[in-house]
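> After the sequence you'll find the predicted model.
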Amino acid sequence: MASRSINHMIFAGVYPHYINKAEKKNRTKAEVDEIICWLTGYTLDNLQNQIDSKVDFETFFEQAPQLNENVTKITGVICGYRIEEIEDPLMKKVRYLDKLIDELAKGKAMEKILRK
């Protein structure tokens, strides 16, 4: 399942799609940002710097201050793959983010999305 193309995909190119997906379901950019910051440990300013710098996903996650300690609570299927079974570390992080954004778009409460 590991895809070299995701490593070099620019995070800033995908970020607007996360926002659009959320906004179509009456959720907000602020909620998307909160999810990303929760997952990665970035501050809002650091997140914006990563977007402005047009880093790829590999760099985005390599430079993340610290993945949230509760990422192991993110389970289930996203894009046809069970998150718990993904072996490639980068792909797993990307799918964690996809799953959280998907939960947001499906109307799940932020408290549950952030595994509180």
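Nice, I can see it.

> Now the helix or strand containing residue 92: buried residues?
Per DSSP states H and E: residue 92 is located in helix 89-105. Neighbour counts over helix 89-105 (16 or more other Cβ atoms under 10 Å) mark 90-105 as buried. For every residue, glycine as well, the C-beta is placed using N, CA and C.

> Kindly report the same for stretch 45-54.
47, 50-51.

> returning to what we had before: with just CA atoms, put the helix or strand that the helix holding residue 92 is followed by into PDB.
Scanning forward in sequence from helix 89-105 by DSSP H and E, the next helix or strand is helix 110-113. The C-alpha trace of helix 110-113 is given here as PDB (Å, rounded to 0.1, in the frame of the first residue of the first chain):
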ATOM      1  CA  MET A 110     -15.000  17.400  18.100                       C
ATOM      2  CA  GLU A 111     -14.700  15.900  21.600                       C
ATOM      3  CA  LYS A 112     -15.000  12.400  20.100                       C
ATOM      4  CA  ILE A 113     -12.900  13.200  17.000                       C
END
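
> I'm done for today, thanks for sticking with me.
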